[in-house]
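[1] could you look at this predicted model? Sequence included:
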Amino acid sequence: MSKFKLHDHILVPKHILLSDEEAEEVLKTLGVSKEQLPKIRADDPVAKEIGAKPGQIVKIIRESPTAGKSIAYRLVI
Amino acid sequence: MIPKRIAGIRFEVLSPQEIRRMSVAKIITPETYDDDGYPIEAGLMDPRLGVIDPGLRCKTCGGKAGECPGHFGHIELAAPVIHVGYAKLIAKLLNATCKECGRILLKDDRRDHYINMIEQKKRLGQDCEDVIKEVFRVTKGVKVCPHCGTEQTEIKFEKPTFFYEGEHKLTPKDVRERLEKIPDEDLPAFGMNPKAVRPEWMVLTVLPVPPVTVRPSIILETGQRSEDDLTHKLVDIIRINQRFMDNKEGGAPQLILEDLWELLQYHVTTYLDNEVSGIPPARHRSGRPLKTLAQRLKGKEGRFRGSLSGKRVNFSARTAISPDPNISINEVGVPKIVAEELTVPFHVTDKNIEEARELILRTEHPKANYVIRPDGRRIRVLDTNREELAEKLEPGMIIERQLMDGDVVLFNRQPSLHRMSIMAHYVRVLPYKTFRLNPAVCPPYNADFDGDEMNLHVPQSLEAQAEAKILMSVQEHILSPRFGGPIIGGIHDHISGLYLLTRGEKLFTRKEVMSIIKPIEVKELPKPKYVKDGVEYWTGKQIFSMILPDITIEFKAEICQGCEECKKEKCEYDAYVIIKNGELVSGTVDEKAVGAFKGIIIDEIMRKYGSERTRKFIDDMTHLAIRAIMYTGFSFGISDEDIPEEAIKQIHEVIAEAEKKVEELIKAYREGNLEPMPGRSIEETLEMKIMQVLGKARDQAGKIASRFLGMDNSAVIMAVSGARGSMLNLTQMAACIGQQSVRGERIKRGYTYTNRTLPHFKPGDLGAKARGFVKSSYKEGLSPVEYFFHAMGGREGLVDTAVRTSQSGYLQRRLINALQDLKVEYDGTVKEQTSGMLVQFRYGEDGVDPTKSFRGKAVDVKRIINEVLSSEGEQVREYE
């Protein structure tokens, strides 16, 4: 089976893996601990595609009908 | 701080040893009190069991009444008895185990297989009931014990507590002995944990006696003691127990002993549950059935549903509601008798002591009901002690003053589905016995006056009153957080009234104008629009403008016909509303302008002038509307649906035509000439085409009828202005009811086995008439066959609503439980309050409060442009 990129699909929002420094920054601005973030599983197809490992944080950019662009973060578990 | 967490709860069966261990007194005598009124030692009111009389101290823990929680005692039963609650399980266990060796009727490997299955299910958090059920089913079928080879006989269970082995009756003692023999290792196969439950514990040998605090006696006015039902029942048990022991020691014949045993069983059974089928309930001397243990817990008024989930509150009232358009929307009419009962605390200080004294001395309505002294004692204000209390009044005391005009109260109607279901109103004390509310606040409560009842609560503390006033007032809820538009506005006659007033160029003389605007505060009349022969005339639009604040908007009214090109102010239907600087220039005021849920004018005033001004506008608007509708008069009767003979003929023609078309379609279908539509079978195509033809026929018939029902017809006025009803309702009354449907299809079943809906038709008849097309109108009346089909369609509607309400109710309950402690933080994130979990990074993705949005949009650019330009005297069109 030929592999295709999930990110090419229009319904898959953009997932970006954050570096440790960026992750630290995000947690600081949100004022929460890692565990209080929403989660994404490391074996989630899109997490596998960007090579996310447990403990890292993923930034998700979605198109929103009300806000235009909405940003969310998830902790990889 | 994180409070201690409960990791789990386990329910176990009390063992006889456990019952004895927790007991502080062995109860042997059925007497409660001696002749001097003191509780008897070792009696049911033993002082060691706790105290209920104030002043006395508990003999066990030394606590006073209220401090001491009470302590259990016990009764040693002379003979074992079955516990009714476990009787069924006992029966299953007896049939699942060997009568001789007590082992489970399964080979060890099979038993272990089931035990493993149960354990696995438990580990996965799944329900293991079905496995246990299977164990009992399998073991019941085994005839010979696989362990000792004894042949098994089936044990018959007879409700409520009797067991038979063939003809022979098993005594509870026999049962207990058999249960004792079941080894611990076999119990997990029945889903029992041997540490928590031994099966023989389900046969009682010792009975716990609940503390007196659980069954307090009350002293009647006559000075007589009246014991609790449970005490009565325990007295019976002890008495029979005693008699049984005496007889046994005296060597009474077996027959008498057995009778007594059965009697003891009866008393213990009814003590636990007095509503078991098969035996008569134990009754009080008066004939009333006793309320025993199970009755205390069960049902709507039981401990769970009645006392734990549903608590009752003081300072509340409930009665039927009725309308009063003359009070403001943020007022509530409270009956005088209710106002005299409900109170508000009045804290006496140096500054208000005279006022307080006056309240105590009053003998009529706003008077004081109680005086509370600083030590907490409350004294009722009576004719006899009024003067004395007034004299002794000093700062620091609290007076409970009767509810009076201007007090703030919370008003509520169930089901409380959204926050507008409980709003704060100001009290208006009125005569008669119903709560009065302005009909304009019916939509948020979803109330009508067909017998609805509502609740009223009186906030007691100043903090609560302030909070109610600021956050919960009716005017603060005019805009709904659901869609960002008004939810409070004109209904029914308000809309009809304003429609009649503002439509076209209605002229009113000075006298007429004065009579219409009587309830509103108008300081100055505008200039009359026309002066003819020295008589001044004002238009209805001018009258409406008197209540408008300075706003500028334009929109299409509800009556807008949706023309291809909007002619704006030159609209021939007067459906284009233009308000310029608080002056209604053109257009008709209808539902779109002032109605609840739509109300563009209300929306605009709310945004520009805030809640208080909007409240005033709604009050004025409703007053004006009612005056206006009373001025013209407005009625509706059956003759309003009269249409001329020729119209009826036309309608009949249209329907006959359609029926003929249907016949043709069926003929084409039978001959195989029907072309199927893409993705449909021929049958589906036929159905769809028939539905289409008949639907069109109904619409056409409706159109013919509405041609003859002019715009001055009151039903038409109500339908087009959005006050009540629709054009469809009207055409169904006047012209043709149309196709009845069940599950969105024409009615096709009924007289099932013959492939027809009713025996009036030939099998396989697909015609309009045979499949539920009603060609009559409501006014004409339905034929019996039509009536039947109509009832079928109508019933489906009723069932649907019933199912939907229960389903959506449960859905909402789950949603609310899941979302109840989410909070929008100051940084715009949504967090769970206890765990601090992030739920949304920005509330609703855009961080917009829907009540402050413009119909869901964060900013309304058009409105802003309009506002800026209009202040410069220029206009930009269209508001929407």
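    Alright, I've got the coordinates.
[2] which single residue of chain A ends up nearest chain B?
    In chain A, the residue found nearest to chain B is A:Ala67; the distance is 3.6 Å by CB to the nearest CB. C-beta: built from backbone N, CA, C; applies to glycine.
[3] my read: that residue touches B:Glu845, true?
    Yes. Taking contact to mean CB atoms under 8 Å, the distance of 4.4 Å between A:Ala67 and B:Glu845 places them in contact.
[4] for the closest residue to chain A within the stretch 351-500 of chain B, the count of nearby residues, please.
    Evaluated by CB to the nearest CB, the stretch 351-500 of chain B has B:Gly484 as its residue closest to chain A, separated by 12.1 Å. The tally of other residues near B:Gly484 (other CB atoms under 10 Å in any protein chain shown) stands at 19.
[5] A strand includes it, no?
    No. With the criterion set as DSSP: H, G, I helix; E, B strand; the rest coil, the secondary structure at B:Gly484 is coil rather than a strand.
[6] now do the same for it: its pLDDT.
    Here the pLDDT value assigned to B:Gly484 is 81.
[7] now swap in B:Pro80 and tell me
    Confidence per residue is given as pLDDT, and for B:Pro80 that number is 92.
[8] which element is it on?
    The secondary structure element spanning B:Pro80 is strand B:73-82 (assigned by DSSP states H and E).
[9] following that strand, which helix or strand comes up?
    Downstream of strand B:73-82 (by DSSP H and E), the next one is helix B:87-96.
[10] just checking, the residue of the stretch 351-500 of chain B closest to chain A touches B:Pro850?
    Yes. Taking contacts as CB under 8 Å, B:Gly484 lies within contact range of B:Pro850: 4.8 Å.
[11] how about the strand or helix carrying B:Arg615: buried residues?
    Using DSSP H and E, B:Arg615 sits within helix B:600-632. Taking 16 or more other CB atoms under 10 Å in any protein chain shown as the basis for neighbour counts, the residues of helix B:600-632 that come out buried are B:600-608, B:611, B:614-629, B:631.
[12] residue 3: neighbouring residues, count only.
    I went with chain A, as the question did not name one. 6.
[13] um, chain B though
    Here the neighbour count serves as a burial measure; for B:Pro3 (other CB under 10 Å) it reads 6.
[14] what of A:Val12?
    For A:Val12, the tally of surrounding residues (other CB under 10 Å) stands at 15.
[15] leaving out the residues flanking it, which one is nearest to it?
    Setting aside the residues directly before and after it, A:Val12 is nearest to A:Leu6 in space (CB to CB, 6 or more residues apart in numbering or on different chains), at 5.0 Å.
[16] hang on, that neighbour packs against A:Pro45?
    Yes. At 5.8 Å, A:Leu6 counts as touching A:Pro45 under the criterion of CB under 8 Å.
[17] more crowded one of these two?
    Summary of the neighbour comparison: A:Leu6 and A:Pro45, criterion other CB under 10 Å, with A:Leu6 having more neighbours (16 against 9).
[18] what residues are up against that one?
    Each residue near A:Leu6 by CB atoms under 8 Å, 6 or more residues apart in numbering or on different chains is listed here: A:12, A:45-46, A:49.
[19] next, the contact list for the one residue in chain B that gets nearest to chain A, please.
    Nearest residue of chain B to chain A: B:Asp846, at 3.6 Å (CB to the nearest CB). Residues near B:Asp846 by CB under 8 Å, 6+ apart: A:64, A:66-67, A:70, B:858.
[20] and the helix or strand encompassing B:Ile240 with strand B:73-82, angle?
    For B:Ile240, the element it lies in under DSSP H and E is helix B:229-249. Angular relation of helix B:229-249 and strand B:73-82 on a 0 to 180 degree scale: 70 degrees, by axes from the mean of the first three to the mean of the last three CA atoms, to 10 degrees.
[21] can you pull the contacts of residue 35?
    Assuming you mean chain A. Taking CB under 8 Å, 6+ apart as the definition of contact, the neighbours of A:Glu35 are A:Leu75.
[22] before we move on, what about the one 3 residues further on?
    By CB under 8 Å, 6+ apart, the contact set of A:Pro38 is A:72-75, B:837-839.
[23] got phi/psi on it?
    Summarising the backbone geometry of A:Pro38 under the convention degrees, to the nearest 10, its torsions are phi -60, psi 160.
[24] what about the helices in the stretch 551-700 of chain B?
    B:591-594, B:600-632, B:645-670, B:682-708 (DSSP state H, counting those that start in this stretch).
[25] save those helices as CSV, and put in distance to chain A and mean pLDDT too.
    Output for those, formatted as CSV (distance: least, CB to the nearest CB, whole Å; pLDDT from 0 to 100):
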stretch, distance to chain A, mean pLDDT
helix B:591-594, 25, 86
helix B:600-632, 20, 90
helix B:645-670, 43, 87
helix B:682-708, 32, 86
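[26] include distance to B:Asn352 when you put those helices into CSV, please.
    Output for the helices of the stretch 551-700 of chain B, formatted as CSV (distance: least, CB to CB, whole Å):
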stretch, distance to B:Asn352
helix B:591-594, 43
helix B:600-632, 28
helix B:645-670, 74
helix B:682-708, 66
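[27] what is the neighbour count of B:Glu505?
    A count of nearby residues for B:Glu505, using other CB under 10 Å, gives 12.
[28] many thanks, we can stop here.
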